[in-house]
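Chemist: What shape does this take:
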Amino acid sequence: MQKRPLGRTGIDVSALCLGSMTWGAQNTEAEGHAQIDRALAAGVNFIDTAEMYPTAPVTPETQGRTEEIIGTWFARSGQRDKVILATKIVGAGTAHIRGGAPITGAAITEAIDGSLRRLQTDYIDLYQLHWPNRGSYMFRQNWTYDPSGQNREETRAHMLEVLDALGREVDRGRIRAFGLSNESAWGTAQWLRLSEAGHGPRVASIQNEYSLMCRLYDTDLAELSVNEDVGLLAFSPLAAGLLSGKYQGGALPEGSRMTINTDLGGRKGPRAFAAVEAYLRVAQKHGLDPVQMALAWCLTRPFLCSAIFGATSLAQLDRALGAAEVTLGDEVLADIDAAHRAHPMPY
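Modeler: Okay, here's the model as predicted:
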């Protein structure tokens, strides 16, 4: 498994990252442990989670269960040193987590306390802000996004407070690096500017949605990533399972995400299925598995640090892991580009 640098931290992570958001809801503890074992055996050293997981669905009763499952794996295996562990502090709006309050310096300390306890570890390798306090254009909000109500001075004060808190956590040895999620180019640039002025740790990564069907990152954030060494951790690289083709023709596999989240977070729609069909034709033409093609394509992008994928079975996991051995030739990439031009922004 190829390893890639996590920003300027000196930490190297596998090009494929094991996502965990189904563990504790769609997956049992034993299944989560089996996935970790299988992924590490295949060369993956990177696991991503969050204090709010599992998300299928999000409930007060299951909140934190995913971190607990990872924690029991650490306790059972004794292999904490084999894993680069990423987790996140939830942003404002989740009522059952700290009353839905926004991210603050005090909230960071409290959230890290909880995550470390559940994870049964004394440090987190990459600590991420799940989404910005000021809002985000991610999750299909780009269609109506309006930043005109933002207050730059309030945002700057918030960033300084958070960076100060993160710096203290680095000094205490409880986190090693700091990352963003669901961020914009402007926001990332501000975090960078403040850290380079001496305020707290430098941003190492951005975890945003990215796939053949969601390519908002390709413009300004791509340029920032390459020039500032802030790599993308791509979530939903399979477009919530759409790119596997399993939902084509009205299919609804038992236990799939669409049985729980019926519109796949705003991704489901006629244009989406037409785009999937175009990518399935490319895979078929070149004798490729569509899941592996979609993941391997992500790994070709110049700003990509790691692609985060999830699985609800070991068969799905093995299929995705096979992407690490796939190299896409120029003809495949040209056909993918043609499909993208024919089906831009399908959701």
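Chemist: Can you list the residue ranges for strands in the stretch 51-200 of the chain?
Modeler: In the stretch 51-200 of the chain, the strands defined using DSSP state E, counting those that start in this stretch lie at 84-89, 124-129, 175-181.
Chemist: export the ones you listed to TSV and tack on mean pLDDT?
Modeler: As requested, the strands of the stretch 51-200 of the chain are exported to TSV (pLDDT from 0 to 100):
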stretch	mean pLDDT
strand 84-89	98
strand 124-129	99
strand 175-181	98
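Chemist: want to throw these into CSV with distance to residue 158 and mean neighbour count?
Modeler: All C-beta spots, glycine's among them, are computed from the backbone N, C-alpha and C. Compiled in CSV, those are given as follows (distance: least, Cβ to Cβ, whole Å; neighbours: other Cβ atoms under 10 Å):
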stretch, distance to residue 158, mean neighbour count
strand 84-89, 13, 25
strand 124-129, 10, 24
strand 175-181, 13, 24
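Chemist: closest to residue 24 out of these?
Modeler: strand 84-89 (14.0 Å; Cβ to Cβ).
Chemist: any idea of the angle that closest one forms with strand 124-129?
Modeler: 30 degrees (axes from the mean of the first three to the mean of the last three Cα atoms, to 10 degrees).
Chemist: Can you list the strands that strand 84-89 pairs with?
Modeler: According to DSSP bridges, strand 84-89 forms sheet pairs with strand 46-48 (parallel), strand 124-129 (parallel).
Chemist: In PDB, list the C-alpha atoms belonging to it.
Modeler: What follows is strand 84-89, C-alpha atoms only, in PDB (Å, rounded to 0.1, in the frame of the first residue of the first chain):
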ATOM      1  CA  ILE A  84      -2.600   6.600  12.300                       C
ATOM      2  CA  LEU A  85      -5.800   7.600  14.000                       C
ATOM      3  CA  ALA A  86      -8.000  10.500  12.900                       C
ATOM      4  CA  THR A  87     -11.100  11.800  14.700                       C
ATOM      5  CA  LYS A  88     -13.200  14.900  14.800                       C
ATOM      6  CA  ILE A  89     -14.900  17.400  17.100                       C
END
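Chemist: what angle do that strand and strand 175-181 make?
Modeler: Using the same axes, to 10 degrees: strand 84-89 against strand 175-181 is 60 degrees.
Chemist: for strand 84-89, the distance to its chain's centre please.
Modeler: Averaging C-alpha positions (Cα atoms, centre = their mean, to the nearest Å) puts strand 84-89 10 Å from its chain's average.
Chemist: Then stretch 311-324?
Modeler: 17 Å.
Chemist: And the average pLDDT for it is what?
Modeler: In this model, stretch 311-324 carries a mean pLDDT of 98.
Chemist: Count the neighbours of residue 158 for me.
Modeler: As a burial measure, residue 158 scores 18 neighbours (other Cβ atoms under 10 Å).
Chemist: residue contacts, the residue most central in space within the chain?
Modeler: Nearest to the mean C-alpha position of the chain, counting by Cα atoms, centre = their mean, stands residue 235 at 3.5 Å. Shown in contact with residue 235 (Cβ atoms under 8 Å, 6 or more residues apart in numbering): 19, 48, 181, 207, 208, 209, 210, 308.
Chemist: got JSON lines for the residues you listed, with secondary structure too?
Modeler: Output for these, formatted as JSON lines (DSSP: H, G, I helix; E, B strand; the rest coil):
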{"residue": "19", "secondary structure": "strand"}
{"residue": "48", "secondary structure": "strand"}
{"residue": "181", "secondary structure": "strand"}
{"residue": "207", "secondary structure": "strand"}
{"residue": "208", "secondary structure": "strand"}
{"residue": "209", "secondary structure": "strand"}
{"residue": "210", "secondary structure": "coil"}
{"residue": "308", "secondary structure": "strand"}
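Chemist: Identify, from those, the entry nearest to residue 56.
Modeler: residue 19 (11.3 Å).
Chemist: What distance do you get for the closest residue to the closest one other than its chain neighbours to residue 47?
Modeler: Sequence neighbours aside, residue 310 is the residue nearest to residue 19 in space, at 3.7 Å (criterion: Cβ to Cβ, 6 or more residues apart in numbering). Residue 310 sits 11 Å away from residue 47, going by Cβ to Cβ, to the nearest Å.
Chemist: Which neighbours do those two have in common?
Modeler: Shared contacts of residue 310 and residue 47 (Cβ under 8 Å, 6+ apart): 18, 20.
Chemist: hang on, the earlier thing: mind giving me CSV with the strands of the stretch 51-200 of the chain and columns for distance to residue 272?
Modeler: Formatted as CSV, the strands of the stretch 51-200 of the chain follow (distance: least, Cβ to Cβ, whole Å):
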stretch, distance to residue 272
strand 84-89, 26
strand 124-129, 27
strand 175-181, 23
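Chemist: Out of those strands, which is closest to residue 342?
Modeler: Here strand 175-181 is closest among the strands of the stretch 51-200 of the chain (Cβ to Cβ), at 30.2 Å.
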